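Engineer: Structure, please.
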Amino acid sequence: MKIINETHNLSLKENFAIERFRQSADQQLTDEKMTDMVIVEHHLNAYINDQLAFKLVCTPEKLDALVLGFLISEGYIENPDEIEFIYVCESGERVKVQLNKPQPLPEIDHDTSSNSISCGNNRKIRQAVYAKSLIPIPVHDWSHETVVMLANACNRNTGLFAETGGTHCCAMSISGELAFICEDIGRHNAVDKAIGQALMEEKKLSEAILFTTGRIPSDMVIKAIRSGIPVIASHSAPTDEAILLARQFNLTLIGFVRGKRMNLYAGK
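Structural biologist: Here you go, the predicted structure:
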């Protein structure tokens, strides 16, 4: 697999002139003119074998990792060996993926305003035709300390969130060690970036723990299962479908990681 990423220093945030209002203890309202740092919303069109395959609304960094992770976690491919190359153009708005096999794709409307996604919930694009049979995850030992370490890493090292308040964070450990942290305006995108980054660095996802700052719905659990990640944890809550899927496929699912406390919803 060859990756050609021609993007350089794409803007991740922009300054806007705003007014800030405050109400004092005596109920007096005051306002202050100031500038605010705002996260950039980037639109990406991805082509597989020269056909438009999916569209994402994302934060314009690690776009190669985002696309690679999406291909795996959404079932387009089963491993990176199926990819000849991933090409990201200079503007980051167009990504070309060449597979070494034909890939049947549904027709996608070229109007990005109606089909762009940031949270992984556009069912028109995420067609069942891509779905592979999910395979149960082998039982994996995990440690309370590693999950807490990942939660703390997200709290301390999310630079874009600290500046803009507009991103989700995803941290991944491999064999108990912090591997990397990814941020994006979409929590699903942050997960895909972490998966893609791990594959680009030839890390073993079977030894990974994935931590996300967002809630965990069923489609995020499916991403972890498809990718072979045995443990997923969050500051927030899982949904009922996420819990049922995790229990069915041996995924360890942890929620409400707060301080040294956490809830185990699936796994042991």
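
Engineer: who touches Met220 in this structure?
Structural biologist: Residues near Met220 by Cβ atoms under 8 Å, 6 or more residues apart in numbering: 120, 187-188, 191, 212, 214, 232, 242. Yep, even glycine has a C-beta here, placed from its N, CA and C like the rest.

Engineer: Need phi/psi at Cys221.
Structural biologist: No, residue 221 isn't Cys; it's Val. Phi and psi for Val221, reported as degrees, to the nearest 10, are phi -60, psi -40.

Engineer: From the structure, what's the count of residues near it?
Structural biologist: Neighbour count for Val221, taken as other Cβ atoms under 10 Å: 26.

Engineer: Would you mind confirming that it is in contact with Leu253?
Structural biologist: Yes. Val221 lies in contact with Leu253 (Cβ atoms under 8 Å); the separation is 6.9 Å.

Engineer: Please flag which of the contacts of Met220 sit within strands.
Structural biologist: Per DSSP state E, strands hold the following members of the contacts of Met220: 212, 232.

Engineer: Select, from the contacts of Met220, the two members most distant in space.
Structural biologist: Maximum pairwise distance in the contacts of Met220, criterion Cβ to Cβ, is 14.3 Å, between Gly120 and Ile232.

Engineer: Neighbour count for the two, which is higher?
Structural biologist: Each of Gly120 and Ile232 has its neighbours counted (other Cβ under 10 Å); Ile232 has more, 28 against 23.

Engineer: how about Ile254, what does it touch?
Structural biologist: 147, 231-234, 262-265, 267.

Engineer: same question but for Asn9, I mixed them up
Structural biologist: With Cβ under 8 Å, 6+ apart, Asn9 has no contacts at all.

Engineer: Relative to Gly159, how far out is it?
Structural biologist: Asn9 sits 15 Å away from Gly159, going by Cβ to Cβ, to the nearest Å.

Engineer: picking up where we left off before, please narrow the contacts of Ile254 to those residing in helices.
Structural biologist: If you go by DSSP state H, the contacts of Ile254 have Val147 in helices.

Engineer: now the helix or strand harbouring Leu210, how far from the centre of its chain.
Structural biologist: Element membership of Leu210 [criterion: DSSP states H and E] is strand 208-212. The chain centre lies 11 Å from the centre of strand 208-212; the measure is Cα atoms, centre = their mean, to the nearest Å.
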